[in-house]
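K.L.:
Let's see this in three dimensions:
(chains A and B)
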Amino acid sequence: MAHCRQLITDDCEDLLARFQKTESVRFEVFAKIWREMKFSEMFYGSTEVLKGKTFSQQILTTAYRYFLPPYTFQIRVGGLYLLYGLYSSQLARPKVQIQVALKDWEEVKKFEKDAAQAQHFDATYILRKLFSQHAFYFAAMPRHLSKCQKKRNEKESVCEEFMERASRPQELVNNELLEELSNVHEHYERYRLSKTLVHPDLVPQIHQIVTDFTNWQFLVVSSTQPDHQGGVVSSLILLFSPQSSQRAELLAAIKSRSYGQAVEASKSRRHRQVEVHSQVPQRAPRKPSLKSRTDTILFKNVPRKKREFKW
Amino acid sequence: MATCGPQPERKNIPDYEYIDVNTKPFHIGAFRDLWLERLKPSDYSYKEEDEEAFEAEFANEFGLNAETVNDIKSICSFDALRCHPVDRDTTVVPPDSSLRTLRQRKRRQDYKANLKINTNRHELYAEELERLTVGRKPAGEENRIPEGEVIITINIYYPTIFERFKYVRPHATLLMTGSHTLANLRDAICCVSDLQVCGEFSNTPDIAPDFISKDHYKSSFFFLEGVFYNDMRFPECQAISSTTIEWAKSHNFPSYQQAKMEDTKFVDLTIKVGFPYLYCHQGDCEHLVIITDVRLSHKSDCQDKKLYPLLTHKHRVTTRRCTVCHIYIGRWLTTNDHFAPCDPCLFCDKCFRMLHYDKHGNKLGDFLAYPYVDPGAFN
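P.N.:
Numbering: from 1, shown residues only, chains lettered A, B, ... in the order given. This is a model prediction of the structure:
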């Protein structure tokens, strides 16, 4: 099943990316995208019983990942709908169950609570329904682990676009904290009035830093999407990027310029002229395949149409 | 991570030691209890939940009226996801699909159709194996696996006795319950080296089956998490791990413990999921044992206690056939044999006796015969 793992991931991410664009958590919206993509067909055509079963297992494990953090709440709802859709439309009988790991259980419960509090009844209903259908294996880990299988599989990557933006600074420095801090700071200033060790405007400074961070975050996110203000954004990013990387970029630019111009070799080394590569990191050209090489040797002068033999 | 100290309960929640490879050690019994205290009994019960009861409970919990629940139900029904009518043929891959997985499947199927190979016989066997066990209900209630029991999936790898086993990792997969002991696991593992017969039997071919290694050398051990679990069920069993323990002691290795296999239940074990452990029998036949999964039992599992340890997968090895008939698997290996086309030569039981003995079972000619057990004997 390793051969289709990447493709399954791609297909699921396609679906979820389209769901993300709608900025909705409604099941109708998800169902519409599902029908447009004909996602139920995913299971068609795997006639062998056992292969169908492993395929179901594989795709459910893949979808399960989107149901958990670090993805945003919307993607997690999408992941839940995806699990529901895949679980109900799979053709394996008896149905293959979704494995929930014990360590993820708290997240699942928290998700259920959040969804219920925000009155997303469709999401809550579907999660409850999956429970009542006994769609889960309560397991140790989200998938079977065996050391020997691991070698061939590459690491699973996390889809960055679906991730939640880091919000710790904003969470940490909220209004209450600022108020509290200004109180404490006042006291502190009073005590240390005689000395000049205090920052006179600590609280406004912290507030300014967090606002700057939020702005920067917004800029970075919007710059990754195709944007008409590209130039402005990139210059702003340059402004924010640390000095060390600026230096590295400068060095790279100088290097590429100097390698771009070839110095003519002296007369004695004329047979070994320096060649200029248009791009610096260039791969060695791939040898043509054995088949094509044989073809060119054997059928050098025969036009393509006449190559068919009759036995 | 440094902020939250290690809570005693926390350590039995399995987490990765190396991501996607294996977990940290945890206690299986404690793990089961953690799940059970987090779940409602209805979550892991075998009973089908009534749909109306489910809706009533849902409405009750969130204070919704029947109309709203009906709306939600119709919106969230599976029909909303249906892409085709119900009677659509699902055995064909739809052409020109937009899904990448399907396009690849289509390509592979077209390629396979070109090969003109019939269905693999082994796949048929595997399907039959599954049909025999899936969803089996026990005859009596006392044989039912209790709700909330742990099911442990164990891969037993074949010893690397063949060169080609360096590239494939053939294994058998067993399902065990938490109440099984390691001795149950030992009995469920079938390995050809248990069936070997040592010695030359050309004069007395009938008594050869009485000398199977399994009955002669009963000692074996598992090595899990620094403890050797010896099989001591029979008086002739020896703790064959003592040699290793003493050697380790004399070479300043950390000391290892010993325990009895038959007294150790799975629920009492502390293990890592996905970590390779060792099963050793017949002195030096060594198998890797990997516990790939631990979970609570589910209503779709085979519920008949008697069928456990349950075999769910077995790698099938190609067998060597009799040189004469080419039908049956070789049972005898002869050397210095004038009747044989090659030396050594394999015979099935029937051909061997027809060729080498007269009607009264007297040996004809001069040859040496050894019982042969094919690695594929368990197919």
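K.L.:
okay, B:G29: pLDDT?
P.N.:
In this model, B:G29 is scored at 91, pLDDT.
K.L.:
my bad, B:G361
P.N.:
The model's pLDDT for B:G361 equals 81.
K.L.:
And for the one 4 residues further on?
P.N.:
pLDDT recorded at B:G365 is 84.
K.L.:
how close does it get to B:I207?
P.N.:
20 Å (CB to CB, to the nearest Å). To be clear about C-beta, it is placed using only N, CA and C from the backbone, and glycine gets the same treatment.
K.L.:
Check which residues of stretch B:312-332 are buried.
P.N.:
Going by neighbour count (16 or more other CB atoms under 10 Å in any protein chain shown), the buried part of stretch B:312-332 is B:312, B:314-315, B:317, B:321-324, B:329-332.
K.L.:
meant to ask about stretch A:36-43, not that
P.N.:
A:37-43.
K.L.:
Please identify which of the residues you listed is nearest to B:I19.
P.N.:
A:M42 (27.0 Å; CB to CB).
K.L.:
Report the contact partners of B:E141.
P.N.:
If a contact means CB atoms under 8 Å, 6 or more residues apart in numbering or on different chains, then B:E141 has no contacts.
K.L.:
tell me the phi and psi of it?
P.N.:
phi -60, psi -30 (degrees, to the nearest 10).
K.L.:
per-residue confidence at it?
P.N.:
77.
K.L.:
Going along the chain, name the helices of the stretch 101-250 of chain B.
P.N.:
B:121-133, B:182-188, B:213-216, B:242-250 (DSSP state H, counting those that start in this stretch).
K.L.:
out of these, deepest packed?
P.N.:
Ranked by mean neighbour count, the helices of the stretch 101-250 of chain B are led by helix B:182-188 with a mean of 19 (mean count of other CB atoms under 10 Å in any protein chain shown).
K.L.:
if we can go back for a sec, I'd like the helices of the stretch 101-250 of chain B written out as a markdown table, with mean pLDDT added.
P.N.:
Formatted as a markdown table, these follow (pLDDT from 0 to 100):
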| stretch | mean pLDDT |
| --- | --- |
| helix B:121-133 | 75 |
| helix B:182-188 | 91 |
| helix B:213-216 | 82 |
| helix B:242-250 | 89 |
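K.L.:
Relative to chain A, how far out is B:E141?
P.N.:
20 Å (CB to the nearest CB, to the nearest Å).
K.L.:
related to what we said a few turns ago, may I see the helices of the stretch 101-250 of chain B organised as JSON lines, with distance to chain A added?
P.N.:
Shown next, in JSON lines, are the helices of the stretch 101-250 of chain B (distance: least, CB to the nearest CB, whole Å):
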{"stretch": "helix B:121-133", "distance to chain A": "5"}
{"stretch": "helix B:182-188", "distance to chain A": "16"}
{"stretch": "helix B:213-216", "distance to chain A": "27"}
{"stretch": "helix B:242-250", "distance to chain A": "22"}
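K.L.:
Any chance of a markdown table for those helices, columns distance to A:T296?
P.N.:
Compiled in a markdown table, the helices of the stretch 101-250 of chain B are given as follows (distance: least, CB to CB, whole Å):
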| stretch | distance to A:T296 |
| --- | --- |
| helix B:121-133 | 42 |
| helix B:182-188 | 59 |
| helix B:213-216 | 61 |
| helix B:242-250 | 62 |
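K.L.:
Look through chain B and state the residue closest to chain A.
P.N.:
B:G274 (2.9 Å; CB to the nearest CB).
K.L.:
what's near enough to touch that residue?
P.N.:
A:141, A:145-147, B:21-23, B:290-292.
K.L.:
So B:C190 is in contact with B:G376, correct?
P.N.:
No. Using CB atoms under 8 Å, B:C190 is not in contact with B:G376; the gap is 11.9 Å.
K.L.:
With adjacent residues omitted, what lies nearest to the residue in the stretch 51-200 of chain A positioned nearest to chain B?
P.N.:
Closest approach between the stretch 51-200 of chain A and chain B, counting by CB to the nearest CB: A:L145, at 2.9 Å. Of all residues not flanking A:L145 in the chain, B:G274 sits nearest, at 2.9 Å (CB to CB, 6 or more residues apart in numbering or on different chains).
K.L.:
Shouldn't that neighbour be within a strand?
P.N.:
No. Applying DSSP: H, G, I helix; E, B strand; the rest coil, one finds B:G274 to be coil, outside a strand.
K.L.:
Now it, what are its backbone angles?
P.N.:
According to degrees, to the nearest 10, B:G274 has phi 90, psi 0.
K.L.:
So which bits of the stretch 101-250 of chain B are right by chain A?
P.N.:
Contact residues (CB under 8 Å from any CB of the partner chain) of the stretch 101-250 of chain B with chain A: B:101-102, B:104-106, B:109, B:119, B:123, B:126-127, B:130, B:134-135, B:153, B:155, B:157, B:169.
K.L.:
Buried ones only from the residues you listed, please, as a ChimeraX command.
P.N.:
This is the ChimeraX syntax for the buried subset of those, where burial follows 16+ other CB under 10 Å:
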select /B:101,102,104,105,106,126,153,155,157,169
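K.L.:
What distance do you get for the nearest residue to A:T9 once chain neighbours are set aside to A:I8?
P.N.:
Counting by CB to CB, 6+ apart, A:T62 is the residue found nearest to A:T9 once chain neighbours are left out, at 5.7 Å. For A:T62, the distance to A:I8 equals 5 Å [CB to CB].
K.L.:
same question, A:F213
P.N.:
From A:F213 to A:I8 the distance is 37 Å (CB to CB).
K.L.:
who has more neighbours, the two?
P.N.:
Remark: of A:F213 and A:I8, A:I8 carries more neighbours, 21 against 15, as counted by other CB atoms under 10 Å in any protein chain shown.
K.L.:
ok, now which ones touch the more buried one?
P.N.:
A:58-59, A:62, B:101.
K.L.:
Okay, and it sits in which element?
P.N.:
Assessed by DSSP states H and E, A:I8 sits inside helix A:2-22.
K.L.:
May I see the buried residues of that helix?
P.N.:
A:4-9, A:11-16, A:18-20.
K.L.:
what does stretch A:91-98 give?
P.N.:
In stretch A:91-98, counting by 16+ other CB under 10 Å, buried: A:91-92, A:95-98.
K.L.:
Could you list the low-pLDDT ranges of the stretch 201-311 of chain A?
P.N.:
The model of the stretch 201-311 of chain A has pLDDT under 70 over residues A:223-247, A:257-286, A:297-311.
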